[in-house]
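>>> please find the sequence and the predicted model below.
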Amino acid sequence: MARAVTTQRKLINTGLAWAIGLLIFFPILWTILTSFKSEGQAIADPPLFLFFDWTLENYAIVQERSDYGKYLMNSIIIAGGSTVLGVLIALPAAWSMAFVPSRRTKDILLWMLSTKMLPAVGVLYPIYLIFIELKLLDSHLGLTIVLMLINLPIIVWMLYTYFKEIPGEILEAARMDGASLKNEILYVLTPMAVPGIASTMLLSLILAWNEAFWTLNLTAAKAAPLTAFIASYSSPEGLFYAKLSAASTMAIAPILILGWFSQKQLVRGLTFGAVK
Amino acid sequence: MATQHSRTAARAMMAPAVVLLLGWMLVPLIMTLYFSFKKYLPLRGGDLGWVGFDNYVRFVSSSSFWPSVQTTLLIVGAVLVITIALGVLLALLLDQPMFGQGIVRILVIAPFFVMPTVSALIWKNMFMDANYGLFAYLWEFFGAEPVAWMSQASIQSIIMIVSWQWLPFATLILLTAIQSLDSEQLEASEMDGATTLKRFWHIVLPHLSRAITVVLLIQTIFLLSIFAEIFVTTGGAFGSKTLTYLIFQRVLESQNVGLGSAGGVYAIILANIVAIFLMRIVGKNLDK
């Protein structure tokens, strides 16, 4: 609904929007700035904004004290693994629902969505018990599977809405030309679906990366990802703001950057196509 | 157009996803139901037999049940009102022509990508700490007594943190909806002499009603189960214990699985009531 407006009006909009944007972003900005201060400067009165002695020592200390690298690897393995696994399982399902729909397709899609509504805390103990029984507690595999299952409905839905947009005539043409199902998928569908698959993976990665109920409750030391790494900073001793900030910056930086690329897909993925 | 052959193939392709989700839903659900009818204390004797609806009655009659329901409703309700009201205003603003719109969008959306444990810790320590937090400086600067946010205003603090996390989500979805608004209709009403407020009330808001409903339902489902924000800030102390957190404590901290499972069943029922409404809306959309 963009309409022609005066420059003056545009300037007012710009000023107001930037002010609010910066206000909302401020906690993140402040964290990033603080991560480059010394602990003394981090709690200086009055607070120091830009003019302090920039240092990288907090990053070194955090890495040394709590082995950031290990948690980062765990996050990458778990979030990445659950995303790849989820997409592999969701792809055929979404494909068949989009291109060979039956009377029950809608019901199946809605039912999948309903599994997403199951509150995690309601099934915490059974999952905990199953994990102990299968020796999956504090393991990469166990957490990968759980996060995959949590995000599977969203992945199926997103892929489904993307596939729905691929015109059916193209598939029919390919079939008339005698393409087998395998070739149809490999050479006709895949190239058209790649952008949708990429966006879906991005969103799944973000959701898995930030998931904080299962990752906190099902891991201890070995497989703990960054959510747990940060939670370990919740009971600090002494001066620690700069280190907390460095740890936080390291935990959110990768996903913040990915997130900025995927903001449009977020709407589609998280509203299950109900808002366009 | 589909042949029998492709139907069979389609079914086979759907099978893995359907079977996995069915298992993920049914197995824990049945186990939770099973435990909820038992006296089950893993560390103090294990399975002590069937107790009927005892756990359900005890969970509801425990002194921490109603406060936890109130806290839950208060947090969910307040966050919904704040995020949707501010989200509509912010979406309207972001839709206006301006310089650097893309960057402002990036700034506004950022909190959504911060993991809950991080945002809770940043707010708790660097902003809300009574000695060194930025709010304490601000309060002192204006001559006021700094507030010990986490202990004196625990619920308000959590509402603030969670609202900050979810405002971007509401804004982004409402902005998407606003952008699909027919500008001709607005221009026509403008020429008819409708004031800005009237246009907002009679054209923009009705157009947004579905997006608002969707935001409302999706956020409710996520907000009912917020966990990390409480886990790393108050740990359920100072009256900030939600239903989710109460169940968590029953199951993992006091290891009373029967009682916790009964609570879990209540939580599942609650979430399903919300979910039914959401599914209606999404389902309608599928028919188009």
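That came through fine. Numbers count the residues shown, from 1 in each chain, chains lettered A, B, ... in the order given.
>>> centroid-nearest residue for the chain?
All of this is about chain A. With distances taken as Cα atoms, centre = their mean, A:I206 lies nearest the centre of chain A, 0.8 Å away.
>>> not quite, I wanted chain B
Note: chain B centre (Cα atoms, centre = their mean) maps to B:L223, 2.0 Å.
>>> which ones are touching that residue?
B:75-76, B:79-80, B:162, B:166 (Cβ atoms under 8 Å, 6 or more residues apart in numbering or on different chains). Where you see a C-beta, it was placed from the backbone N, CA and C, and this is true even at glycine.
>>> quick check: phi and psi on B:Y40?
Main-chain torsions, B:Y40, degrees, to the nearest 10: phi -130, psi 110.
>>> beta partners of it?
Beta-bridge partners for B:Y40, by DSSP bridges, are B:D47.
>>> and the helix or strand of chain B with the lowest mean pLDDT, what does it pack onto?
The helix or strand of chain B with the poorest confidence is helix B:183-191; it has a mean of 76 (mean pLDDT, DSSP states H and E). Using 3 or more Cβ pairs under 8 Å, 6 or more residues apart in numbering or on different chains; DSSP states H and E, the elements in contact with helix B:183-191 are helix B:196-199.
>>> return the set of buried residues in the helix or strand following the helix it packs on.
Downstream of helix B:196-199, the first helix or strand assigned by DSSP states H and E is helix B:205-224. Neighbour-count burial for helix B:205-224, counted by 16 or more other Cβ atoms under 10 Å in any protein chain shown, picks out B:207-208, B:211-221, B:223-224.
>>> now do stretch A:40-47
For stretch A:40-47, burial by neighbour count (16+ other Cβ under 10 Å) applies to A:41-43, A:47.
>>> how big is the angle separating the least confident helix or strand of chain B from helix B:205-224?
Relative orientation of helix B:183-191 versus helix B:205-224 (axes from the mean of the first three to the mean of the last three Cα atoms, to 10 degrees): 120 degrees.
>>> list the buried residues in helix B:183-191.
For helix B:183-191, by 16+ other Cβ under 10 Å, it's B:L186.
>>> just the C-alpha atoms of that helix, please, in CSV.
Provided in CSV are the C-alpha atoms of helix B:183-191 (Å, rounded to 0.1, in the frame of the first residue of the first chain):
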residue,chain,number,x,y,z
SER,B,183,-4.1,0.4,-1.8
GLU,B,184,-6.9,1.5,-4.2
GLN,B,185,-9.5,0.9,-1.5
LEU,B,186,-7.5,3.1,0.9
GLU,B,187,-7.1,5.8,-1.7
ALA,B,188,-10.8,5.8,-2.5
SER,B,189,-11.7,6.1,1.2
GLU,B,190,-9.2,8.9,1.5
MET,B,191,-10.8,10.8,-1.3
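>>> quick one: distance of it to the chain centre.
Going by Cα atoms, centre = their mean, to the nearest Å, the spacing between the C-alpha centre of helix B:183-191 and its chain's C-alpha centre is 36 Å.
>>> likewise stretch A:138-155?
Worked out by Cα atoms, centre = their mean, stretch A:138-155 lies 13 Å from the chain centre.
>>> try stretch A:51-61
Counting by Cα atoms, centre = their mean, stretch A:51-61 is centred 29 Å from the centre of its parent chain.
>>> for it, which positions count as buried?
Across stretch A:51-61, burial judged by 16+ other Cβ under 10 Å covers A:52, A:58-59, A:61.
>>> then stretch B:226-237?
Quick answer for stretch B:226-237 (16+ other Cβ under 10 Å): B:226-236.
>>> you'd agree B:M14 is up against A:W95?
No: counting by Cβ atoms under 8 Å, B:M14 does not reach A:W95; the two are 9.2 Å apart.
>>> quick one: contacts for A:D45?
Contacts for A:D45 (Cβ under 8 Å, 6+ apart) come out as B:Y137.
>>> before we move on, back to that, let me know the closest of the contacts of B:L223 to chain A.
Among these, B:W166 lies closest to chain A (Cβ to the nearest Cβ), at 11.2 Å.
>>> okay, and that closest one sits in which element?
Going by DSSP H and E, B:W166 is part of helix B:154-179.
>>> which of the buried residues of stretch A:40-47 fall within helices?
Of the buried residues of stretch A:40-47, the ones assigned to helices by DSSP state H are A:41-42.
>>> keep only the buried residues of stretch A:40-47 that also lie close to chain B.
Near chain B, judged by Cβ under 8 Å from any Cβ of the partner chain, the entries from the buried residues of stretch A:40-47 are A:43, A:47.
>>> which one of the buried residues of stretch A:40-47 sits closest to chain B?
Closest approach between the buried residues of stretch A:40-47 and chain B, by Cβ to the nearest Cβ: A:I43, at 4.3 Å.
>>> phi and psi next, for A:L118.
When read as degrees, to the nearest 10, the backbone of A:L118 gives phi -60, psi 120.
>>> how many neighbours does the residue lying closest to B:M14 once chain neighbours are set aside have?
Leaving aside its chain neighbours, B:M14 sits nearest to A:A93 (4.6 Å; criterion: Cβ to Cβ, 6 or more residues apart in numbering or on different chains). By the measure other Cβ atoms under 10 Å in any protein chain shown, the count of residues near A:A93 is 26.
>>> am I right that A:A93 is in a helix?
Yes: according to DSSP: H, G, I helix; E, B strand; the rest coil, A:A93 belongs to a helix.
>>> doesn't B:A17 make contact with it?
Yes: assessed by Cβ under 8 Å, A:A93 is found in contact with B:A17 at 3.8 Å.
>>> and for those two, which residues touch both?
Listed as contacting both A:A93 and B:A17 by Cβ under 8 Å, 6+ apart are A:V156.
>>> for chain B, longest helix please?
Counting by DSSP H, the longest helix found in chain B is helix B:4-36.
>>> which ones are touching the spatially closest residue to B:S6 that is not a sequence neighbour?
The shortest distance from B:S6 to any residue other than its chain neighbours is 5.4 Å, reached at A:V100 (Cβ to Cβ, 6+ apart). Each residue near A:V100 by Cβ under 8 Å, 6+ apart is listed here: B:2, B:6-7, B:9-10.
>>> filter these down to the buried ones.
Burial by neighbour count, 16+ other Cβ under 10 Å: within the contacts of A:V100 this picks out B:6, B:9-10.
>>> buried stuff in stretch B:59-67?
Neighbour counts using 16+ other Cβ under 10 Å place B:59, B:64-65 of stretch B:59-67 among the buried residues.
>>> how is the chain carved up into domains?
Using chain A. Structurally, chain A divides into domains by automatic domain parsing as follows: A:7-59, A:67-270.
>>> wait, chain B
According to automatic domain parsing, the ranges for chain B are B:36-64+B:241-288, B:69-238.
>>> lowest average pLDDT across those?
Within the domains of chain B, confidence is poorest for domain B:36-64+B:241-288, with a mean of 83 (mean pLDDT).
>>> quick one: which helix or strand includes the closest residue to B:I212 other than its chain neighbours?
Spatial nearest neighbour of B:I212, chain neighbours left out: B:I84 (6.1 Å); criterion: Cβ to Cβ, 6+ apart. Using DSSP H and E, B:I84 maps to helix B:65-95.
>>> now do that helix: which elements does it pack against?
helix A:7-34, helix B:101-109, helix B:154-179, helix B:205-224, helix B:243-248.
>>> after the shortest one comes which helix or strand?
Going back to what we said before, that points to helix B:243-248. Note on helix B:243-248: by DSSP H and E, the next helix or strand toward the C-terminus is helix B:257-287.
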